[in-house]
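>>> I need the structure of the sequence given here:
(one chain, ligands or ions: 1)
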Amino acid sequence: VKDKIPFAFITLGLLALLGGAFIGCLLGFQYVSPEFLKDEIPFNRLRPMHVSTVVGWIILTATGGVYYYISKVHHLKIYAPKLAKTHLILFILCMIGIYISYLTGNMGGREYLAYLPLISIPVFLGWVLFGINYFKTLKGKIKGWPVYLWMWGTGIVFMLIHFTEAHLWLLPYFRENFVRDLTVQWKSYGSFVGSWNMLVYGTAIFLMSRITGDDKIGRGKKAFFFFFLGLSNLMMGWAHHTYVVPTQPWVRYLAYAMSMTEWIIIISIIQDFRKSIGKEKKQHNNLAYKFLMATDVWVFINLLLALFISIPAFNMYTHGTLITVAHSMGTTIGINTTILLASVLFIANSISKNTLKKSSKQITFGYWVFNVSFLVFFTCLLIGGIMKGIWQYEADPVPFGQMQQDMSSYMYLFLASGIGILFGLLNIIYPMLHIFLVRLMVPKNSDIEHSDLDG
Ligand code: HEM
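Numbering: from 1, shown residues only. Presented below is the predicted three-dimensional model:
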């Protein structure tokens, strides 16, 4: 069973992505028709359910990748497979608990962690087990860690810190002071996202170094510079999450500047990768390569948006509008999701190359449907955000209902493109689910295609 643990994480992650996109579409229906499912599950429960599911996709898939890469690519014996299994079981139980909490409305948590706070205890324990297994497996085994090993390790440690921090509001000292409460809560979310970004960006660098076969990508000066920048970003780049909190302006400016530089460096690393990869290697991992190229474009688009909304004069208009949603979905779909799909494709290619090859046309079709739909989706959010931003500050605004009415055609298009994203994802994920489910079902040691990864 232990060989299958990474595949179980990844399979659950893929299901979470499909489920999350589906719930997103239900939310889209509620945008255009507020009565839709209102009595069964209103927007304020469906929204955190969507967010928890897609965060589940990011975390489960990144975790499955880390377990797979250290055990099958670095050929290290996992320190305690039983801990990894317990980690998996804990996360499955937490997922069930979280859904029950949302469906029954028995919640009580905050914003992105709106479920019953008690469930956070096993989530935290799962991360502790992951951390023990990760560091014990690697300890003394690899000389001079490549940067992605540092990034994964740091991501796990900081996730534990900031996940705890996100629950400090449970203590009266934080809860009873509004400004303190708000600052700590939003600060923790910023760092929390920074922690999973460490896992995901580490995966991107790992993939680039493996696809090109060029170890320098993971060991070069630029990669380590990027790591330290990402780390300081994780520690300080949260300030733009606390924009509404009274604070010294320089704290905001420093934080903004830092998060921008991080993205510029990742663009530069991907560009180096694009230049250094040979035709043959590109073909060998054609699909994973395609997704990393999509990441490149989406990092660039998100960078432009982030630069724009970080200008205080514009931020005043964009704050609390759909532009903020464009920023969060832009990064989680455009950057995190494309990197993780590249990772899943890379693994699928190494365990079942022929099956993947047979589905290559369908996946490529899904890739284009996904990206084109996402571009329309993103644009609709921007237009909706601009319309509301202008309306908020108009001297003589039309009534709110009228403004909503004016926006409605964009919201229909938003919904349609959301369905397009789901359809694109279905085409990408269905063949991969097939590959991973077969892997999960076959008895151990059967002569199914074996990994063709190098050491
Ligand atoms: C495919 C992966 C997806 C990811 C990773 C994702 C991620 C997210 C995140 C992080 C948020 C929170 C936004 C915020 O607080 O600013 C969000 C909200 C939302 N998402 Fe998605 N999403 C996905 C797909 C979809 C799809 C396909 C739709 C379809 C229409 C959708 C519709 C929505 C809506 C309506 C909201 C609520 C925005 C609000 O607060 O008004 N999402 N999503």
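>>> phi, psi of Gly108?
Main-chain torsions, Gly108, degrees, to the nearest 10: phi 100, psi -10.
>>> List the buried residues of the lowest-mean-pLDDT helix or strand in the chain.
Lowest on mean pLDDT, DSSP states H and E among the helices and strands of the chain sits helix 279-284, with a mean of 72. Under the neighbour-count criterion of 16 or more other CB atoms under 10 Å, helix 279-284 has Lys281, Lys282, His284 buried. Yep, even glycine has a C-beta here, placed from its N, CA and C like the rest.
>>> Looking at those residues, spot the one nearest the ligand.
Proximity to the ligand was ranked across these by CB to the nearest ligand atom; first place goes to Lys282, at 26.1 Å.
>>> Where does the residue of the chain positioned farthest from its centre sit: helix, strand or coil?
Distance from the C-alpha centroid of the chain peaks at Asp396, with 40.5 Å (CA atoms, centre = their mean). Of the three states, Asp396 takes coil according to DSSP: H, G, I helix; E, B strand; the rest coil.
>>> On the pLDDT front, check it for me.
Looking at Asp396, its pLDDT reads 85.
>>> Check the one 4 residues further on too.
pLDDT, the model's per-residue confidence, is 85 for Phe400.
>>> how near is it to the ligand?
Using CB to the nearest ligand atom, to the nearest Å, Phe400 is found at 15 Å from the ligand.
>>> Next: Gly155.
The gap separating Gly155 from the ligand is 18 Å, by CB to the nearest ligand atom.
>>> which non-adjacent residue is nearest Tyr393?
Closest residue in space to Tyr393, ignoring its immediate chain neighbours: Tyr317 at 6.5 Å, by CB to CB, 6 or more residues apart in numbering.
>>> Check for me that the one you found belongs to a strand.
No. Tyr317 is assigned helix when assessed by three-state DSSP, not a strand.
>>> what's it in contact with, if anything?
Neighbour list for Tyr317: Ile386, Gly389, Ile390, Gln392, Tyr393 [criterion: CB atoms under 8 Å, 6 or more residues apart in numbering].
>>> Quick one, which of these are buried?
Among these, those scoring as buried are Gly389 (criterion: 16+ other CB under 10 Å).
>>> can I get the contacts of Tyr317 in TSV with pLDDT?
What follows is those, written out as TSV (pLDDT from 0 to 100):
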residue	pLDDT
Ile386	92
Gly389	89
Ile390	89
Gln392	85
Tyr393	83
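>>> So which of the contacts of Tyr317 belong to helices?
Secondary structure from DSSP state H places Ile386, Gly389, Ile390, Gln392 of those in helices.
>>> Show the pLDDT at the residue in the stretch 301-450 of the chain positioned nearest to the ligand.
Nearest residue of the stretch 301-450 of the chain to the ligand: Gly418, at 2.5 Å (CB to the nearest ligand atom). What the model reports for Gly418 is a pLDDT of 98.
>>> Could you report the neighbour count for it?
25 (other CB atoms under 10 Å).
>>> which residues sit in contact with Val157?
Val157 touches Gly131, counting by CB under 8 Å, 6+ apart.
>>> Tell me how far it lies from Ala395.
Applying CB to CB, to the nearest Å, the value for Val157 to Ala395 is 51 Å.
>>> just Ala255 next, same as before
As for Ala255, its distance to Ala395 is 33 Å (criterion: CB to CB).
>>> Next: Lys275.
Taken as CB to CB, the span from Lys275 to Ala395 is 52 Å.
>>> Check Cys25 too.
Separation of Cys25 from Ala395 (CB to CB) stands at 37 Å.
>>> And those two? Which one has more around it.
More neighbours surround Cys25 than the other of Cys25 and Ala395, with 18 against 4 (other CB under 10 Å).
>>> what's the pLDDT at that one?
Cys25 is assigned a predicted lDDT (pLDDT) of 98.
>>> which secondary structure element contains it?
helix 5-32 (DSSP states H and E).
>>> Could I get the buried residue list for that helix?
Buried-residue list, helix 5-32, by 16+ other CB under 10 Å: 5-31.
>>> of these, list those near the ligand.
Gly20, Ala21, Gly24, Cys25, Leu27, Gly28, Tyr31 (CB under 6 Å from any ligand atom).
>>> Redo the residues you listed as a markdown table? Include distance to Glu176.
Converted to a markdown table, these look like this (distance: CB to CB, whole Å):
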| residue | distance to Glu176 |
| --- | --- |
| Gly20 | 35 |
| Ala21 | 39 |
| Gly24 | 36 |
| Cys25 | 40 |
| Leu27 | 33 |
| Gly28 | 38 |
| Tyr31 | 36 |
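>>> Tell me where the model's unsure across the chain.
1-2, 236-247, 259, 262, 312, 444-455 (pLDDT under 70).
>>> how about the residues of it that lie near the ligand?
Counting by CB under 6 Å from any ligand atom, the residues of the chain lying close to the ligand are 20-21, 24-25, 27-28, 31, 47, 50-51, 54, 324-325, 328-329, 332-333, 337, 415, 418, 421-422.
>>> Just give me the neighbour total for Phe225.
Residues lying near Phe225 (other CB under 10 Å) number 14.
>>> Check which helix or strand it maps to.
Here Phe225 is covered by helix 221-236, with elements defined by DSSP H and E.
>>> downstream neighbour of that helix in the secondary structure list?
Next helix or strand after helix 221-236 toward the C-terminus (DSSP H and E): helix 249-276.
>>> Report the angle between that following helix and helix 221-236.
Here the directions of helix 249-276 and helix 221-236 differ by 150 degrees (axes from the mean of the first three to the mean of the last three CA atoms, to 10 degrees).
>>> Longest helix in this protein, by number of residues?
Longest helix in the chain, counting by DSSP H: helix 400-441.
>>> Packing partners of it?
Contacts defined by 3 or more CB pairs under 8 Å, 6 or more residues apart in numbering; DSSP states H and E place helix 400-441 against helix 5-32, helix 338-351, helix 353-358, helix 360-392.
>>> Adding distance to Phe308, write those helices out as a markdown table.
Formatted as a markdown table, the helices and strands packed on helix 400-441 follow (distance: least, CB to CB, whole Å):
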| stretch | distance to Phe308 |
| --- | --- |
| helix 5-32 | 23 |
| helix 338-351 | 21 |
| helix 353-358 | 39 |
| helix 360-392 | 10 |
